[in-house]
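Chemist: Fold the stuff below for me.
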Amino acid sequence: MEPWLQYVLLLVTGVVAGTLNVIAGGGSFLTLPVLIFLGLPPTVANCTNRVAIFCQNVGAVWGFQRHGVVEWKYLLWAALPATFGAGIGAWAAVTMSDEAFKNILAFLMIGVTLWTLWDPLKKKKTDEQEEHSPQVVPLMVGFFLVGIYGGFVQAGTGFLILAATTMARLDLVRGNAVKVLTILIYTAFALIIFAIYDKINWKLGGVLAVGTVIGSQIGVRMTVLKGHAWVKTVVTVAVIVLAIMLLLRG
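Modeler: Here you go, the predicted model:
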């Protein structure tokens, strides 16, 4: 494929993924296979994808901060343990073989997508929640485990963080603010590890980042529409098809 066509494809994919990350999450389940199909080794695709994730969450944290919902005290309880965990996950990602990572990614894509279809946290998301003081120990343990997963492969981490913040008795607004702040910080740390191992294609990652930032702004507008169920169906079908293609790819 011509380089300019690769850039167009990545830009469009980034816009779609950024939009989905705001509406429902799971955008990396689209960007990772596309990077692989463009010829990047699976481990390099995984690391390159984090450039876009980092840029997208810079904008998200800025947006939450403008609305005054970022509580920086959670930096210690959530972001710090997640960053320690991300170091472990990132090391595993760069030392694993491409074939093993590709197969693990395919199964994770199907598993996490089916889990989000079930949506065990739906009642928590839709019901009004009373204010509770967060349970610090579950929050730290949960975010450490989430950090390991997020350092290894970003795809689906948002759903896991929402589960951790819900179990820690944070409401949805504060939970999402903690989510974007945590992902921003541990992704920055993971990027350092990936760069040391020379696993990042900065040019493709930069193009993808532009798309995800644009998409995140579109997603904010789309959240006011009544199309979430339809979007989730489309995403589910696309992710499962891409996962099967990854498994069949020689």
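
Chemist: Can you name the next helix or strand after the lowest-mean-pLDDT helix or strand in the chain?
Modeler: Least confident helix or strand of the chain, by mean pLDDT, DSSP states H and E, is helix 122-126 with a mean of 50. Downstream of helix 122-126, the first helix or strand assigned by DSSP states H and E is helix 136-152.

Chemist: and that next one, what does it pack onto?
Modeler: On a contact count with 3 or more Cβ pairs under 8 Å, 6 or more residues apart in numbering; DSSP states H and E, helix 136-152 meets helix 80-95, helix 157-167, helix 172-196. Bear in mind the C-beta positions are built from the backbone N, C-alpha and C, glycine included.

Chemist: If I average pLDDT within each of the ones you listed, which one is lowest?
Modeler: Looking at those, the lowest mean pLDDT belongs to helix 157-167 (a mean of 74).

Chemist: quick one: that one to helix 136-152, angle?
Modeler: Between the axes of helix 157-167 and helix 136-152, defined by axes from the mean of the first three to the mean of the last three Cα atoms, to 10 degrees, the angle is 180 degrees.

Chemist: quick check: angle from helix 157-167 to helix 80-95?
Modeler: 150 degrees.

Chemist: Which strand or helix spans residue 57?
Modeler: Per DSSP H and E, the secondary structure element for residue 57 is helix 42-66.

Chemist: That helix relative to helix 172-196, how many degrees between them?
Modeler: Using the same axes, to 10 degrees: helix 42-66 against helix 172-196 is 140 degrees.

Chemist: right, and the helices and strands packed on helix 136-152 - which one's nearest residue 56?
Modeler: Evaluated with Cβ to Cβ, the helices and strands packed on helix 136-152 place helix 172-196 nearest to residue 56, the distance being 8.7 Å.

Chemist: any idea how far that closest one is from the chain center?
Modeler: The chain centroid and the centroid of helix 172-196 are separated by 9 Å under Cα atoms, centre = their mean, to the nearest Å.

Chemist: before we move on, back to that, so can I have a markdown table of the helices and strands packed on helix 136-152 showing distance to residue 67?
Modeler: As requested, the helices and strands packed on helix 136-152 are arranged in a markdown table below (distance: least, Cβ to Cβ, whole Å):
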| stretch | distance to residue 67 |
| --- | --- |
| helix 80-95 | 22 |
| helix 157-167 | 17 |
| helix 172-196 | 9 |
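
Chemist: can you tell which of the ones you listed is closest to residue 61?
Modeler: Across the helices and strands packed on helix 136-152, residue 61 has its closest neighbour in helix 172-196 (5.3 Å, Cβ to Cβ).

Chemist: The following helix or strand past the closest one - contacts with which helices or strands?
Modeler: Counting by DSSP H and E, the element after helix 172-196 in chain order, helix or strand, is helix 202-222. In terms of contacts (3+ Cβ pairs under 8 Å, 6+ apart), helix 202-222 is packed against helix 3-23, helix 28-37, helix 42-66.

Chemist: Give me the distance between helix 202-222 and the centre of its chain.
Modeler: The answer for helix 202-222 is 13 Å, by Cα atoms, centre = their mean.

Chemist: Contacts for it next, please.
Modeler: Helix 202-222 is contacted by residues 6-7, 10-23, 27, 31, 35, 38, 40, 48-56, 59-60, 63, 231 when judged by Cβ atoms under 8 Å, 6 or more residues apart in numbering.

Chemist: One more: stretch 189-200?
Modeler: By Cβ under 8 Å, 6+ apart, the residues outside stretch 189-200 that reach it are 43-44, 46-48, 50-51, 54, 83, 86-87, 89-91, 93-94, 150-151.

Chemist: Also stretch 39-56?
Modeler: 14, 17-18, 21, 28, 31-32, 35-36, 93-94, 96, 98-99, 101-102, 105, 153-154, 183-184, 187-188, 190-191, 194, 197, 199-202, 204-206, 208-209, 211-213, 216.

Chemist: No further queries at this time; thank you.
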